[in-house]
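Asker: sequence plus predicted model, see below.
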Amino acid sequence: MGFRRFNFQLILRVILLVISISMIVWLLMEKNLWFTTSGLIILCLIQVYEMSNFVNRTNRELAKFLYAVKYEDYSVTFKLPGRGAGFKHLELGFNEIIEKLRNARLEKESQFELLKMLLEKINVGIMVIDHHEQITVMNKAATGYLNTPNPKYWERMKSRQPHFCRMVDQQRSGGRKLVEVDDMGRIRELSLDVNPVMLNNQKLWIISFQDIKDEIEQKELDAWLKLIRILTHEIMNSVTPVSSLTGTMLGLLQDRDGHPRKPEDLDQEDVEDLAEALQTIHRRSQGMLDFVNDYRRLTQIPAPTFEMVRICDLFSDIGKLMEGEFRKKGVSVSMECSNKKLTVRCDRKLIEQVLINLLTNSLYAIRETEEPKITLSTAVTEKRILVRVTDNGAGVPREKLSRIFIPFYSTKPDGTGIGLSLSKNILRDHGGQINVESEIGKWTTFELSFPNPVHEN
């Protein structure tokens, strides 16, 4: 309906043109009217031109619209006046599409600017290399780590950081690696990660790296400070009462002027007080010696003597060793060991020590459980062999899970805080790790993770 006006105008122009041509033909038959015939021919040509311009005006607007989309020129506007409501809708449609494309482009550009700002703010070096070996992205952290301005080509980067670029080229298929970079005499240890990706059928390499040396040193410093606080706390707990008691003993053995009292001046109550003070000093000194011995155990773990050990045999030996304790406390013990030939490469004595420590902790956790149960189980992944110790005890609060492996930290009132720290160090010497998961009032699982010898071979 909206295009009827356009059709009417087009038909009217055609009719007028036909009439003009008919008149020209008729006048040509009258040889005496050449001037009038020439005027009609000129008028006819003007009509043809005007009709052609009338028809092609829409085509030109459509072509302008397509070129605007093709070349992303969203500053143009479209006007199709005097052609009916249909062309008005077409005009509005063109302008709405251009406006949406313009807004989409602005949003895309703003998101790109935001991404650039984020890349500049993070403390991780980011580089992107395209298939032409051009560096398309390099943030501020990357230029700082590599001590170089933002080069455009990878070859130029190679001339400035040859060792770093060589390590990147070796990792073009993807992967992580530690790389040392010389930063004006200061050696930086960078964690390098290279990821090849396909984008618009073109291969790109996303390179990320960050300095981990400072972070490692900071974590080591934090660990030392934490250990010093613990040591100071334990030492002060022992030294403070000893110092107080020695002052009390001096008060009993000296007169008001500070001179030693004679033995006959001491009564029975003074002797008993002295004996009690000496016993307390002896007890605190013995506690201090035990603390030092525990610390020596933690810092002087013997080097593992590796052998291939069947986990089922290990479970059986541990079960026999602690059978009396399990029976005494009425604990149901389940050993799930379906693969009788499953073996790990470990020091048998050290891993037995770890399992005994975990089982002892489980016995403490289930002391108030109505139907106490402990389960020993195994699992195998492609790279790891897992040994799990699970109990249905009280569980460990979430805020304490991250601290239970800290030396001298214990959730038990009379605990030393050595067992789990010692176990963690033993697993680390085996190339493995120990993890814990727990749900309050339901269960706790300690998981020992060993390298899978099958995968290593």
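Answerer: Noted; the coordinates are in hand.
Asker: name the residues that touch stretch 338-354?
Answerer: When contacts are defined by Cβ atoms under 8 Å, 6 or more residues apart in numbering, stretch 338-354 is touched by residues 301-302, 304-312, 314, 317-318, 321, 378, 380, 385, 387, 422-423, 426-427, 429-430, 434, 448, 450-451, 453. In short, each C-beta sits where N, CA and C put it, glycine included.
Asker: out of the residues you listed, which are inside helices?
Answerer: For those, the ones inside helices are Ile311, Cys312, Leu314, Asp317, Ile318, Leu321, Leu422, Ser423, Ile426, Leu427, Asp429, Pro453, with DSSP state H as the criterion.
Asker: what about the strands in the stretch 351-457 of the chain?
Answerer: If DSSP state E, counting those that start in this stretch is used as the criterion, the strands of the stretch 351-457 of the chain fall at 373-380, 384-391, 433-439, 443-451.
Asker: sheet-wise, list the partners of the third one with their directions.
Answerer: In the sheet containing strand 433-439, its partner strands are strand 443-451 (antiparallel), by DSSP bridges.
Asker: quick check: which ranges of the stretch 51-200 of the chain have low pLDDT?
Answerer: For the stretch 51-200 of the chain, applying pLDDT under 70 flags the ranges 53-62, 64-91, 93-94, 182-187.
Asker: at which residues are the helices of it located?
Answerer: Listed in chain order, the helices found in the stretch 51-200 of the chain under DSSP state H, counting those that start in this stretch are 85-121, 140-146, 154-160, 162-170.
Asker: convert the C-alpha atoms of the third one to CSV, please.
Answerer: Written as CSV, here are the backbone C-alpha positions of helix 154-160 (Å, rounded to 0.1, in the frame of the first residue of the first chain):
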residue,chain,number,x,y,z
TRP,A,154,59.0,-10.1,17.0
GLU,A,155,62.4,-10.1,15.3
ARG,A,156,63.1,-6.7,16.9
MET,A,157,62.2,-8.2,20.3
LYS,A,158,64.6,-11.1,19.7
SER,A,159,67.5,-8.6,19.3
ARG,A,160,66.6,-7.1,22.8
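Asker: can you redo the ones in helices among the contacts of stretch 338-354 as a markdown table with pLDDT and neighbour count?
Answerer: As requested, the ones in helices among the contacts of stretch 338-354 are exported to a markdown table (pLDDT from 0 to 100; neighbours: other Cβ atoms under 10 Å):
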| residue | pLDDT | neighbour count |
| --- | --- | --- |
| Ile311 | 92 | 25 |
| Cys312 | 92 | 19 |
| Leu314 | 90 | 20 |
| Asp317 | 85 | 14 |
| Ile318 | 85 | 20 |
| Leu321 | 81 | 13 |
| Leu422 | 81 | 22 |
| Ser423 | 85 | 23 |
| Ile426 | 87 | 22 |
| Leu427 | 89 | 20 |
| Asp429 | 88 | 16 |
| Pro453 | 74 | 12 |
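Asker: between the residues you listed, which sits nearest Ala141?
Answerer: Taking Cβ to Cβ as the measure, Ala141 lies nearest Leu427 of the ones in helices among the contacts of stretch 338-354, at 34.8 Å.
Asker: returning to that earlier point: and the ones in helices among the contacts of stretch 338-354 as TSV, adding distance to Ala63?
Answerer: Shown next, in TSV, are these (distance: Cβ to Cβ, whole Å):
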residue	distance to Ala63
Ile311	77
Cys312	81
Leu314	81
Asp317	87
Ile318	85
Leu321	90
Leu422	81
Ser423	77
Ile426	78
Leu427	73
Asp429	76
Pro453	72
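Asker: could you find the closest non-adjacent residue to Pro397?
Answerer: The spatially closest residue to Pro397, leaving aside those adjacent along the chain, is Ile440, at 6.4 Å (Cβ to Cβ, 6 or more residues apart in numbering).
Asker: distance-wise, check the one you found relative to Ser332.
Answerer: Counting by Cβ to Cβ, to the nearest Å, the separation of Ile440 from Ser332 is 21 Å.
Asker: now swap in Glu189 and tell me
Answerer: When distance is defined by Cβ to Cβ, Glu189 is 50 Å away from Ser332.
Asker: looking at the two, which is more packed in?
Answerer: Here Glu189 and Ser332 are compared on neighbour count by other Cβ atoms under 10 Å; more neighbours surround Glu189, at 15 against 12.
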